[in-house]
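Novice: One predicted model, sequence on top.
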Amino acid sequence: MTTENPTPTWKIASLERETADGFVYTAHYTVDVEDGIYRAGAYGSIGFERPETLIPYADLTEEIVVGWLQSALGEEKVQEVAQALLTQLSEQREPTKASGVPWG
């Protein structure tokens, strides 16, 4: 069973932080989308500005950091990433390009 427009899943692969106070200055992330048969994904990293108030490192959750990264990217870029992955799925379902030779 395939889902025509599945929702991308954002995950945090790794965080870079200052050990003195736990300030997370970079997040490395993945974005994946799959329809039950095909899968497309992307990887990226983003830097953060130091906030006025730090959340203790031990209290961070993936949801909090994904929220930070999506906010830093901006809604337009988040939608562009999602659309690019959906386009990759569509190309896998119904390829528009191929390679090879017509003889055996």
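Specialist: Now that the structure is in, tell me what you want to look at. Numbers count the residues shown, from 1 in each chain.
Novice: the helices in this structure, which residues?
Specialist: In the chain, the helices defined using DSSP state H lie at 62-73, 75-93.
Novice: Can I get these in JSON lines including mean pLDDT?
Specialist: Below are the helices of the chain laid out as JSON lines (pLDDT from 0 to 100):
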{"stretch": "helix 62-73", "mean pLDDT": "97"}
{"stretch": "helix 75-93", "mean pLDDT": "95"}
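Novice: Any idea which of those gets closest to Asn5?
Specialist: Relative to Asn5, the nearest member of the helices of the chain by Cβ to Cβ is helix 75-93, separated by 6.1 Å. C-beta: built from backbone N, CA, C; applies to glycine.
Novice: got the buried residues for stretch 11-22?
Specialist: Within stretch 11-22, the residues scored as buried using 16 or more other Cβ atoms under 10 Å are Ile12, Leu15.
Novice: should've said stretch 49-65
Specialist: Residues Leu60, Val65 are the ones in stretch 49-65 that count as buried (16+ other Cβ under 10 Å).
Novice: For that stretch, list the C-alpha coordinates in CSV.
Specialist: The C-alpha trace of stretch 49-65 is given here as CSV (Å, rounded to 0.1, in the frame of the first residue of the first chain):
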residue,chain,number,x,y,z
GLU,A,49,22.4,31.6,17.8
ARG,A,50,22.8,31.5,21.5
PRO,A,51,19.4,32.2,23.1
GLU,A,52,18.8,34.5,26.2
THR,A,53,17.7,31.5,28.2
LEU,A,54,19.2,28.0,27.8
ILE,A,55,17.2,24.8,28.2
PRO,A,56,19.4,22.4,30.1
TYR,A,57,21.1,20.0,27.7
ALA,A,58,19.7,17.0,29.7
ASP,A,59,16.1,18.4,29.3
LEU,A,60,16.3,18.7,25.5
THR,A,61,14.1,16.4,23.4
GLU,A,62,14.2,15.6,19.7
GLU,A,63,10.9,17.5,19.3
ILE,A,64,12.3,20.7,20.9
VAL,A,65,15.4,20.6,18.6
